[in-house]
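# Dropping a prediction and its sequence here:
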Amino acid sequence: MTTPWHYKSAMEIRNAVRNRAVTATEITEHHLDRIAEVDGRVDAFTQIWRDEALAQAAAVDEKARQGRELGPLAGVPVGLKELLATRSGKTTCASKILENYRSPYDATVVRKLAAADAVFLGKVNMDEFAMGSSTERSTIKTTKNPWNLKCVPGGSSGGSAAAVTAGECAVSLGSDTGGSIRQPACLCGCVGIKPTYGRVSRYGLVAFASSLDQIGPLTRTVEDAALTLNTLCGRDPMDATSADLPVPDFTKALTGDIKGLRVGLPREYFTDALGAEMREKVEAAVDVLRRGGAEIVSVSFPHAQYAIAVYYIICTAEASANLARFDGVRYGFRHPAAKSVEEMYVLTKSEGFGPEVRRRILLGTYVLSSGYYDAYYLKAQKVRRLIKRDFDEAFEKCDVIAGPTSPIPSFEFGSKTDNPMEMYLADIYTISVNLATLPGISIPCGLTASGLPAGLQMMARPFDEETLLRAAHCHERMSGITLGPPPIA
Amino acid sequence: MEFEAVIGMEVHVEINSRSKVFCACATDFHAPPNTNVCPICLGMPGTLPVLNVDMVDKSVAVGLALNCAISRWSKMDRKNYFYPDLAKNYQISQYDLPLCHGGWLDIEVDGAPRRIGITRAHMEEDTARNTHTLAGGQSGVDFNRCGLPLLEIVTEPDIRSAKEAHAYLTALKQILQYLGVSDCNMEEGSLRAEANISIRPTGQEAFGTKTEVKNVASFSGVFKAIDYEISRQAQVLRSGGKVIQETRGWDADRGVTFSQRLKESAHDYRYFPEPDLVPIVVDEAWEQRIRESLPELPIARKARVESQYGLSAYDAGVITMTRALADYYEAVAAAGADPKKAANWLTVELQALLTDSKQEITECRVAPAALAELVALIESGDISGKMAKDILGDMFITGKTARAIVAEKGLVQISDSGELAEIIRRVLAENPAQVEQYRAGKEKVLGFLVGQVMRATQGKANPQILNDLLRDELAP
Ligand SMILES: [Zn+2]
C-alpha cells in the first residue's frame, strides 16, 4: 500500500510537485480534505485559509506551467503558529486580547516560506502567548494528542505538533522559548528543532521572551527539518539579533555517518526526575547512536539545577515588558466599561489575558522592581552565564549532547493545570538550551507501553545545526523510528 | 538670608536623522498626523527595533564636542511605564551605560568664563504626541513623533543662575548647530529644556529640595522661569515654608510657574537591557572617524577669526554665532575684502536686512563674493558709503552684483576735482545771495550749498572732495 499524500514527507511532496507528478493544487486540496476529516477530533487548526491556500497553490502550478523553476518547498502544505504575524487571517496568539487582531505585515519567516513556494493552510493552536506546556492555555480551543485524544499535545506549539503528526500538514512552524517546539514534538512523536538563537529572524514573531524565543519547524522527518531550515535561516536586516552567518545546505549534512562523533550524556539529566519508561527509551536511542559509531562520553552540568528558576525570572521579566503593549489603546480587545485611561488598562488586561499570562506578567514585574532587580533579574543573568559556560565546557568533550526531551510522556487534560510548578517541570530538560542560546532537536525514539511517544533530545554548539541534524538523521535511519500514522488515522 | 541657586539642565535634542531611530520612517515634522508611521514605530505585535547608525554617529559627535568620554561598549535599555503616547508601553532608552559621559561645556557669563559639567548624553526614542482637544471629549494620538531619534544631555548641578542657564543653552544650541545634528527649533519641540532648580543658603553644602520646570518653549522662557522659580522658592523659605519636590509648568502669559504633578513617589521604571538590540560597540576607529569629521567648534573658531582677521572680540563673537554666518564671513574675506570693513558690512548692514526680512544667511541672495566687491568699490572711492547702502539694498532684493547695479544706474561717484569744481562754480553763480551770507559768517549756509551740488550731481559727488572744493571756492 502506498503512503497517502498526507503522510508523505515534505521532501517527497516538493519533488513530486517539481517533477509535475502532482500539482500543488491537488496536494492542497488533499490536505484540506484531510483537515476536514480529522481536525474535528484533533483540533489543531484555529484558522483554515482554504481560498488563500488554493490561490497560492494555483500560483505555484502556474509557475510550473510557465516552466519557471519552483522553490525548494514547492506545494508543501504548512501550518503557522498563531503568534506569527500574517496579513492573511488573524494573529491572535490564542488570546482574547488579540481575538480579532489582523497584522498589517507578514513575519519574515512567512515571507521566506511563501517565496519558497510553500502553501499556507492556516494557523495552528498554542498556549496563550506561548506560555504553557500543554496547549491547554489557549482561549480558542483544546488541541488533542493524535496518539491519545484524552492527552495533551504538549505546548506551547501543541497545535503545530498535532497538525503534523495527524497528517494535516507536512510542516508547521512553532516557536521555542523554553522548549515549546521540542517538548510538543516529543509528546506527539514528531521532529522539532529549535535553531540557534539568531539563526532564524524573529521579525513577526509576537514576542514572549525576546532573548529566548526562536522560531523553528516541526516535521515528520529529520530531512524535512533540514529542508525547511534551509529556507528559514539567514540574516534579516529587520532583526538586529539575527546572525550574519552563511547558511549551509542542511540536507547535505545528512550523510548517515556519525563515526567518531562524540555524544555527551549529562549526568544531571538521568536522575529520578526522569520517568523510568522515558529513561529506557532514551538509553535505547543512545545505544543506536553508539552502534552507529558514536563515542559516548559523560558530561556534567553543575548549574542545571538552577535552570528553571533562572528561566522563570528572565522570561517573565521580558514578557512583562513585551506584553505591556496590549493595553486596548490601538488594537485588540478594549474593555467597553472603562471610563478613564487607567481603568481601560486595568480592565482590558484583567479580562484580556488568561490566568497564566497574568501570573507571569506579575512575576516579571516583580523581579524587575527596584529593590528586587539585583536579587532576581541580575542574579539570574549571572547564573545564565554559568549555565552557558557549563555547555561550553561540555562541548570541549563532545560534539553533541543527548538526553531526554521531556521527563514524562503526554498526560491527560487537566492533570497539571492547577499546579503551575508541576507544569513548569515539563520543560526541565529543554530550558537550558534556550538560556545558552544553543540549537536543540527532539526526535521520536519509540512508544511507551501505553502507546505514547517518547523523544530523544540532542543539542549542539551554537550554529552547528548540521551536526545536530546529522546525528538525528542517523538515529532515524538506523532505528527505523518515524512514528508512522498515529491511531487517529 | 542670602540664597544660592543650584540648577541642573536636561536638554532633549531631536537629532535630524532622515529616518527614525528604530525604523525607516521619515522624520518630517510637518507631515499630517499618523502618516510617518509603520508597524515598528507603532509597536505592532512581532515587530523589532533596529538601531539607526546615523543616530549613533551624530550622538558621538555631540559627545565629543562636549568633551565627553565615548563608551566603548554601551547598550539600550527598556524604560517601562504606561502612557497612551508610548506605543510599546516602554521606551527604548539608555540607563546605566550612556553612550557619552563625563564631559563639560565652557560658557561665558558677563565676560567671565564658566565650566558646566556634562554628566551624560544618551540616546532614546521620542514618544507620540497626545491631543486632548478633539470634539466630544475624545483624545487623539499622533505617532509621527513616536520613535524620532532623541539625545538627552544632562548637566551636573553646576549652574547658579538663570543667566548661566541661558548662556549654557545658547552655547549648547550653538554647538549642536555647528555640528549640524539638529535644527534646535524650540517651538517645534526639536530642542526641549528642563531645569532642576533648588536653592540653599549661601555657603551651605547640602542641596535644597528641587523642583523640575518643564514644557518651556523658548530660551527667554527658560530664563524667566528659572528666575521666577528661584525667587518663589526663596519666598517660600523666608516665610518659613518648605519647598515641595514637584514638576512645575511655565505659564508664559502670566510669567509664573505652576504645579503640574507632585512627585509623591519616584516612578519605578523597571529598567532592564533591551533584548531585541545588540550592544553598541563604538571602537577607537569609529570614534576617530567621527572626531576627524567634526567641524571647527564655536570657541576655537571665534578665537581664530578674531586673530586671523584682526577683529574685535565682539565682532568675532557675532560672526561666529552660527556656523553659516562664520562660513559666509570667511568667504567674503577670502574673496579679497578688507576683513574689518567686511565684518562691519556683514554684522551691521547685511544683518539688518536679514533681520527685517526674517531671512537666514543661508537664504541670502547676496553672494559672499558680491559683498566683497561692494566693500572694494567703497575702498577704491568708486562709490560712497551712503551709495553702498542703497546698492546693498538692491543686491539683497535682486541678487545682482554691486558693479552691475552701479553700471545700470550710472552710480559712479564723481571724484574728479575739475569736473566737480565746474559744477560748484555754476551752483555758486546761481545762488549769489547764499554765497554772500556765507561770506558774512553764516556757516550754516554751507549745508544748503552742498545739497545744491549734490542735487546737481544726482548724489554722485564724492562728499569729501566736494567739501574741500566748496570751501576753497567760497574763500574770499
Ligand atoms: Zn516607523
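All right, it came through fine. Residues are numbered from 1 along each chain as shown, chains lettered A, B, ... in the order given.
# Could you find the closest non-adjacent residue to the closest residue to chain A within the stretch 1-150 of chain B?
Scanning the stretch 1-150 of chain B for proximity to chain A using Cβ to the nearest Cβ identifies residue B:89 as nearest, at 3.5 Å. (Each C-beta comes from the backbone N, C-alpha and C, glycine too.) Counting by Cβ to Cβ, 6 or more residues apart in numbering or on different chains, the nearest residue to residue B:89 once its immediate chain neighbours are dropped is residue A:324, at 3.5 Å.
# just checking, residue B:181 touches residue B:62?
Yes - under the criterion of Cβ atoms under 8 Å, residue B:181 is in contact with residue B:62, at a separation of 6.1 Å.
# Spit out the residues that contact those two alike.
When contacts are counted by Cβ atoms under 8 Å, 6 or more residues apart in numbering or on different chains, residue B:181 and residue B:62 are jointly contacted by B:13, B:151.
# can you tell me the residue of the stretch 251-400 of chain B closest to the ion?
For the stretch 251-400 of chain B and the ion, the shortest gap (Cβ to the ion) falls at residue B:276, measuring 14.8 Å.
# SS state for that residue?
The three-state label for residue B:276, taken from DSSP: H, G, I helix; E, B strand; the rest coil, comes out as coil.
# So the residue nearest to residue B:89, which state does it fall into?
Going by three-state DSSP, the secondary structure assigned to residue A:324 is helix.
# picking that back up, mind listing what the residue of the stretch 1-150 of chain B closest to chain A touches?
Remark: with contacts taken as Cβ under 8 Å, 6+ apart, residue B:89 is in contact with A:321, A:324-325, A:327, B:43, B:80-83.
# where are the low-confidence patches of the stretch 201-350 of chain A?
Segments of the stretch 201-350 of chain A classed as low confidence (criterion: pLDDT under 70) are not present in this model.
# which non-adjacent residue is nearest the closest residue to the ion within it?
Across the stretch 201-350 of chain A, the shortest distance to the ion (Cβ to the ion) belongs to residue A:238, at 11.8 Å. The spatial neighbour of residue A:238 that comes closest, neighbours along the chain excluded (Cβ to Cβ, 6+ apart), is residue A:203 at 4.0 Å.
# Quick one: residues in contact with the strand or helix carrying residue B:63.
Secondary structure assignment for residue B:63, by DSSP states H and E: helix B:53-65. With Cβ under 8 Å, 6+ apart as the contact definition, helix B:53-65 has outside contacts at B:13, B:15-19, B:21, B:69-70, B:99-100, B:103, B:121, B:123, B:149, B:151, B:153, B:175-176, B:178-179, B:181, B:280, B:282, B:286-287, B:290-291, B:293-294, B:297.
# Report the buried members of the residues you listed.
Taking 16 or more other Cβ atoms under 10 Å in any protein chain shown as the criterion, what is buried in the contacts of helix B:53-65 is B:13, B:15-17, B:19, B:21, B:70, B:99-100, B:103, B:121, B:123, B:149, B:151, B:153, B:175-176, B:178-179, B:181, B:280, B:282, B:286-287, B:290, B:297.
# for chain B, which strand is longest?
In chain B, with assignment by DSSP state E, the single longest strand is strand B:112-125.
# can you count the residues close to the one residue in the stretch 101-250 of chain B that gets nearest to the ion?
Here the residue of the stretch 101-250 of chain B nearest the ion is residue B:147; by Cβ to the ion that distance is 5.7 Å. When neighbours are counted by other Cβ atoms under 10 Å in any protein chain shown, residue B:147 registers 31.
# tell me the SS of it?
Following three-state DSSP, residue B:147 is assigned to coil.
# Could you pull up the residues touching the closest residue to it other than its chain neighbours?
Excluding the flanking residues, the one nearest residue B:147 by Cβ to Cβ, 6+ apart is residue B:41, at 3.6 Å. Applying Cβ under 8 Å, 6+ apart, we find residue B:41 in contact with B:20, B:22-23, B:25, B:87, B:143, B:146-147.
# do the same with residue A:339
By Cβ under 8 Å, 6+ apart, residue A:339 lies in contact with nothing.
# that's a strand at it, yeah?
No - secondary structure of residue A:339 (three-state DSSP): coil, not part of a strand.
# Please tell me how far it sits from residue A:346.
11 Å (Cβ to Cβ, to the nearest Å).
# so when I look at residue B:214, I'm seeing a helix, right?
No - the assignment for residue B:214 is strand, going by three-state DSSP, so no helix is present there.
# can I assume it is in contact with residue B:247?
Yes - counting by Cβ under 8 Å, a contact exists between residue B:214 and residue B:247, whose distance comes to 5.8 Å.
# Which residues are in contact with each of these two?
Shared contacts of residue B:214 and residue B:247, defined by Cβ under 8 Å, 6+ apart, comprise residue B:260.
# Could you pull up phi and psi at residue B:69?
Residue B:69 has phi and psi values of phi -80, psi 140 when expressed as degrees, to the nearest 10.
# Look up the closest residue to residue B:249, ignoring the ones flanking it.
Across the structure, with Cβ to Cβ, 6+ apart as the measure, the residue nearest residue B:249 apart from its sequence neighbours is residue B:260 (4.8 Å).
# State the next helix or strand along the chain beyond the helix or strand hosting that neighbour.
In the assignment (DSSP H and E), residue B:260 maps to strand B:256-262. Proceeding C-terminally, strand B:256-262 gives way to strand B:272-273 as the next helix or strand, assigned by DSSP H and E.
# for the following helix or strand past that following strand, packing partners?
Using DSSP H and E, the next helix or strand after strand B:272-273 towards the C-terminus is strand B:280-281. Identification of packing neighbours for strand B:280-281 by 3 or more Cβ pairs under 8 Å, 6 or more residues apart in numbering or on different chains; DSSP states H and E yields strand B:73-74.
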